[in-house]
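>>> Model the following, please.
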Amino acid sequence: MTSAPSSKSISSSSWRHRAEHARDLGYELALRELKIRYKRSVLGILWSLLNPLSQIAILTFLFRSVVDLKVPHYAAFVFVGVLVWTWFSGAITTAPLAITSNPDLVRRPGFPVVVLPLVTIASNGVHFVLALPVMLAVILLDGGRLGVSLVAIPGVMAVQFLLTAGLAYIVAALHVRFRDTQHLVTMVTMLAFYATPVFYSSIMVPEQYRLLHDANPIAVLLDAYRRILIEGAWPSAAALGGLTLASCCVLISGILLFKRMSINFAEEI
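Numbers count the residues shown, from 1 in each chain. Alright, predicted model coming up:
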């Protein structure tokens with residue numbers, strides 16, 4: 001006689017099914033967002049490359065030909081900075097609208113609203129992934145050194161995803177109740193661009209601002225990416241490990257806040 005499946009195994013199977021459903025749903029929503037964004041566009045998703053490339057070209061001209069910052073391999077240096085920053089800022093500035101711009105989905109019974117902030121990160125992450133081959137080509141042409149440390153790139157990307165997801169959950173939840181959140185996030189992100197070593201080197205930061213710089217999580221990410229991609233070295237284990245721990249804390253806090261506030265999403269939007 002066969003024994004009935006335990007409640008534990010049933011619960012595990014149910015959780016796995018829900019996780020797979022949420023993953024597939026997130027994939028479809030991210031694909032839908034990309035299709036809507038580039039609908040009736042002649043170049044389509046190529047704009048995801050042209051926009052950062054034009055910014056990289058201007059920054060390279062300014063800080064190599066007009067005001068020389070004397071940063072080695074500057075084209076590769078700024079390419080990494082712009083690409084990483086574009087993924088982060090694009091996801092964070094659109095995350096506040098993740099809930100408020102999808103009222104029909106939020107009000108649908110049983111819909112996992114927890115996937116919506118992740119969709120903004122995934123859709124912007126597609127641009128990052130598509131630009132990676134171009135970035136690697138620029139790095140090689142500009143004299144950068146690619147080594148075995150390249151295998152660490154997915155790990156650094158995962159840390160960036162964790163950090164961005166935590167922040168995305170926070171701003172998405174807050175924007176449902178406080179509609180100024182989107183404008184505040186856009187302003188803070190713009191100011192943070194200049195406080196982050198996207199187009200200048202970390203060694204140029206004056207000593208009195210060093211603590212502020214070291215507390216900037218994107219500065220830590222940029223240093224890790226550049227060490228791997230341009231120097232062919234391994235990132236600082238201590239710095240990246242600390243950022244991973246902090247990112248996990250931000251993600252857990254973000255999910256808890258999101259879950260608590262999501263009870264009233266349907267009424268508040």
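>>> Show me what counts as buried in stretch 210-228.
213, 216-228 (16 or more other CB atoms under 10 Å). Quick note: C-beta positions are derived from backbone N, CA and C, even for glycine.
>>> tell me which of the residues you listed is nearest to Phe265?
Set against Phe265, the nearest of the buried residues of stretch 210-228 by CB to CB is Pro217 (27.6 Å).
>>> Distance-wise, check Ile263 relative to Ile255.
14 Å (CB to CB, to the nearest Å).
>>> nope, Pro109 is what I was after
Counting by CB to CB, the gap from Pro109 to Ile255 is 21 Å.
>>> and the two? which has more neighbours close in?
Ile255 (17 against 5; other CB atoms under 10 Å).
>>> Report pLDDT for that one.
In this prediction, Ile255 carries a pLDDT score of 96.
>>> That one contacts Tyr169, doesn't it?
Yes. Using CB atoms under 8 Å, Ile255 is in contact with Tyr169, at 5.7 Å.
>>> Report pLDDT for the nearest residue to Tyr74 once chain neighbours are set aside.
In space, and not counting its chain neighbours, Tyr74 is closest to Arg64: 5.1 Å by CB to CB, 6 or more residues apart in numbering. As predicted, Arg64 sits at a pLDDT of 82.
>>> How about Ser54?
The model's pLDDT for Ser54 equals 85.
>>> quick one: it from Thr196, how far?
For Ser54, the distance to Thr196 - CB to CB - is 20 Å.
>>> Look at these two and report which has more neighbours.
A direct count of neighbours by other CB under 10 Å for Ser54 and Thr196 places Thr196 higher, at 23 against 10.
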